[in-house]
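Undergrad: Task: produce atomic coordinates for the following.
(chains A and B)
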Amino acid sequence: MAILELEKVSYAYDSKKVIVLDNLDYTFENGKIYAITGRSGAGKTTLLSLLSGLTNPTSGKILYKGQDIKKQDKYKYRSNCVGVIFQSFNLLTNLTALENVMLSMDISGKKFTDKKQYALDLLYKVGLTDDEINRHILKLSGGQQQRVAIARALSYNPEIILADEPTGNLDLETQDEIMDIFKMLAHKENRCIILVTHSPDVAKQSDINYQLQPFRKNTPKK
Amino acid sequence: MYVIKNALRNIIRNKGRNILIMIIALVIALSACIALSIRQSAESTRESTLSDMEITANISVDRSKMMKNATSSSSDSSSNKENMKSALQNTKDLSIDELEKYAKCKSVKDFYYTQSASLDASGSLEAVDTSSNTDSSSSSSDSSSSKSSSSDSKNSTDNNGNTPPDMQGNNGGQGGPEMKGGMGSQGDFTVIGYSSESAMTDFIDGTSKITDGSMFDINSSDKKCLISSELATLNSLEVGDTIKLQNPNDEDETITFTISGIYTKSDSSSSSENMMGFNASNDPANQIYTSYKCLSSIITKSEKNASTSTDSTTGMKMSSAIRGQVNGTYVFSSVDDYNSFQKEAKKAGLSSDYTIQSQDLTEYENSLVPLENLSSFAGWFLLIVLIIGAIILIVFNMFNIRNRKYEIGVLTAIGMKKWKVALQFLTETFIVTFVAIILGAIIGACTSVPITNALLENQVTSSQTQQTQVEQNFGRGSDTQNNNSNSSDNNSSQDNKPSDNGQDKGNPPSGGFMGQASNYISSVSSATDLMVVLELILLGLGLTIVSSLTSVIFVMRYEPLKILSQRD
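TA: Below is the predicted model:
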């Protein structure tokens, strides 16, 4: 069953003059890794913003478990149902890795038996050491920050993970490690993983690939 | 709740910024605390003193109102004057019966009255007369004619001087009968009859003291009296001797008093100086005290025997009887009673031509002037501090929020509700300012009393300097300076008992313009109390909310995607 569906979704900037996405019909299911590829400016990040509920489509519907997310509490959707790994990670820089993860657990409002232990386990799972876990974000490398961002996205146990260029600035070895994590999440934990990427390698490793055609055009001025 | 936990953590994480905010808030809180304390102490000093203060009041003719009525009823200027004259002539002081009627009001704690009459010396008796020492021998014989003119022209001043302090409030009323009687003569002596010993305020507050002999029986109509030691010395009189006085309008009518005691008045020297000796009877040394019953019987008898004549020019009736002025004093145990008496008396039928005035209250209010000045200054100061403080905090919060824009973006992007983010920011500001307020209140409580007193001292000094300046402009510099320094000395010696100030130091009886130098309250004992702390917390709360409101508005306006994409 589709957990997330796009129904004729279009998106345009500047009061509908610049069309970015046009009439998309995509379906996302649990247990699979989806890759969204396309050239720069094809609207990949915009699609991710739409899927994560940070913005609304100009027309069409996005359905989460059959319900239009426009009509749902977007904050609850973001904090509970979907885990987002942003391109620039968007971690709070004055907090440690552990604090960042625990903060999003707090925000989700979900109950955990041992919050700290849960967060620690997650961070170990993505491959961080004890020392790194208690470091401030700015003192971590890009790859380490990436892992913290993944751990944060997983912390409240969402069914959907959205990742924007999750391997963009990582070396091949690390890239594979991260991809292994995603595979594990999709295939073993039955989550829906949606990766926005322009790496053909990542696209190859995913189960389904949606290719976005560049559709940015100006509607004729009246 | 994690919002509060986060807020606390953030405060610790951003020590530098929060210490800065705390210092700003501390300065505001401290200034506000002191300003509030000053206002509070002014209020409490006023209330505590008034609550243990006995208030005395007199009923008098409201002359200014009468004049106004007379003027307003006609447009013609010449008839105006006529109207005024007749209005003044038609009103008279209330009789003793009327005064007693109002004394029955519930609010009145005590009522006493005095009657004063002006009498001339008869026979060998000589009045103490500092103004005309050179020919004092003749003053007694021809004083009636020579002094009547001066007394007529200077009615109000004279009366002010020759009455004991409890009657001073009656300036307006005393003019009434004088005007009516018009042509009566002023004698050398003022005989004052008291209804009760509580009316003899000079003896109660210790200004006057019987040094020889004893007090007359207040309830008897025997012609016994107290005379001043100056008068006794001048005329070599002793207790048991008799003195002979005569009706200034009728030389044949004489009254003989037996001296039951001799009193001294501690401040008589200064007051006689002040009066400049327009008239001998103004001199406190020429005041003869007796019982009301005694004086009243003399006047009644005199009225019976008096002849009346009609003045051809004014058409007014003139009586040769001794004229007595009745003066009633009502005592109230509190200001509230005094205020309710105002209403009760009106209800009981007191016409609107009369006013009820309290000299004590006026004096007391005068003594509060520096404190109230300071209090209103503190009010303005508080307002300015709050406005400037609010602006600083708002600007600071605005910068703060702009710096933390990214944080807001991230928090909302991962699903934290905007109002929770706003609440977290508000909590941070609130905790910081609250700590500052508590610190400010503690420091303020320790320093507000000395600061208030120091400021108050400045105020008192400046009030005194101003008054001295005024006096000097009138050419009375040296005199007043003495007065001032005396009274301020008194004040400082009573520093710890502000509640006594208002009562104990009535102006010198002959005060007039100069005597009212400055019995200012110059210190307070407590300033910061629970009320101030509560007010301070409320103000702090208000200030925090106002200054955080900007950040709340910013948080609400920010769209997470915009912030984050800007950063990308």
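
Undergrad: Not counting its own residues, what contacts the lengthiest helix in chain A?
TA: Criterion DSSP state H: the longest helix present in chain A is helix A:142-155. For helix A:142-155, contacts defined as Cβ atoms under 8 Å, 6 or more residues apart in numbering or on different chains pick out A:83-86, A:89-91, A:97, A:100-102, A:104-105, A:108, A:118-119, A:122-123, A:125-128, A:132, A:137, A:140, A:161-163, A:166, A:169-171, A:174, A:178, A:181, A:185, B:414. Using the backbone N, CA and C atoms, a C-beta is placed for each residue, glycine as well.

Undergrad: list the contacts for residue A:195?
TA: Here residue A:195 is in contact with A:33-36, A:163, A:166, A:182, A:202, A:206 (Cβ under 8 Å, 6+ apart).

Undergrad: burial count for the closest residue to chain A within the stretch 301-450 of chain B?
TA: Chain A sits closest to residue B:415 of the stretch 301-450 of chain B, with a gap of 2.5 Å, by Cβ to the nearest Cβ. As a burial measure, residue B:415 scores 26 neighbours (other Cβ atoms under 10 Å in any protein chain shown).

Undergrad: Quick check: which element contains it?
TA: Under DSSP states H and E, no helix or strand contains residue B:415.

Undergrad: Kindly report the same for the one 5 residues further on.
TA: Element membership for residue B:420, per DSSP H and E: helix B:418-473.

Undergrad: rewinding a little: would you tell me which one of the contacts of residue A:195 comes nearest to chain B?
TA: residue A:163 (14.1 Å).

Undergrad: Helix, strand or coil: sort out the closest one for me.
TA: strand (DSSP: H, G, I helix; E, B strand; the rest coil).

Undergrad: Check the contact between it and residue A:192; I expect there is one.
TA: No - the pair residue A:163 / residue A:192 is not scored as a contact, 11.6 Å apart, by Cβ atoms under 8 Å.

Undergrad: Spit out the contact partners of residue 9.
TA: Went with chain A since none was named. So residue A:9 contacts A:21, A:23-25, A:50, A:57, A:59-62 (Cβ under 8 Å, 6+ apart).

Undergrad: Let me rephrase: I mean chain B.
TA: residue A:99.

Undergrad: cool, residue B:22 as well?
TA: B:432-433, B:435-436.

Undergrad: Around chain B, pick out the residues from chain A.
TA: A:49, A:52, A:54-55, A:75-80, A:84, A:86-88, A:90-92, A:94, A:99, A:103-104, A:106-108, A:152 (Cβ under 8 Å from any Cβ of the partner chain).

Undergrad: Relative to residue B:222, how far out is the residue nearest the centre of chain A?
TA: Nearest residue to the geometric centre of chain A (Cα atoms, centre = their mean): residue A:162, 1.8 Å. To residue B:222, residue A:162 is 114 Å away according to Cβ to Cβ, to the nearest Å.

Undergrad: Then residue A:114?
TA: Noted for residue A:114: a distance of 104 Å to residue B:222, by Cβ to Cβ.

Undergrad: hmm, back to that, in strands, which of the residues of chain A next to chain B fall?
TA: Among the residues of chain A next to chain B, the members falling in strands are residue A:84 (criterion: DSSP state E).

Undergrad: Buried ones from the residues of chain A next to chain B, can you make that a ChimeraX selection?
TA: Applying 16 or more other Cβ atoms under 10 Å in any protein chain shown to the residues of chain A next to chain B, the buried members can be selected in ChimeraX as follows:
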select /A:49,52,54,55,75,77,78,79,80,84,86,87,90,91,92,94,99,103,104,106,107,108,152
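
Undergrad: Max pairwise distance over the contacts of residue A:195: which two?
TA: Across the contacts of residue A:195, the longest distance by Cβ to Cβ is 13.6 Å; it joins A:36 and A:182.

Undergrad: pretty sure residue B:211 is touching residue B:262, no?
TA: Yes - using Cβ under 8 Å, residue B:211 is in contact with residue B:262, at 5.8 Å.

Undergrad: list residues touching both of the two?
TA: Counting by Cβ under 8 Å, 6+ apart, the residues touching both residue B:211 and residue B:262 are residue B:229.

Undergrad: Can you pick out the residue with more neighbours from those two?
TA: Legend: neighbour count by other Cβ under 10 Å for residue B:211 and residue B:262, higher for residue B:262 (22 against 11).

Undergrad: What pLDDT does the model give the more buried one?
TA: In this model, residue B:262 is scored at 89, pLDDT.

Undergrad: hang on, it in a helix?
TA: No - assignment of residue B:262 by three-state DSSP gives strand, placing it outside any helix.

Undergrad: Tell me which stretches of the chain form strands.
TA: Reading this off chain A. A:2-13, A:18-24, A:27-29, A:33-37, A:59-64, A:67-68, A:82-85, A:160-164, A:192-196, A:208-211, A:217-218.

Undergrad: let's do chain B instead
TA: Using DSSP E, strands in chain B cover B:55-61, B:110-121, B:189-194, B:208-213, B:224-228, B:242-247, B:250-265, B:287-291, B:308-310, B:317-319, B:324-332, B:354-357.

Undergrad: Understood, closing this out.
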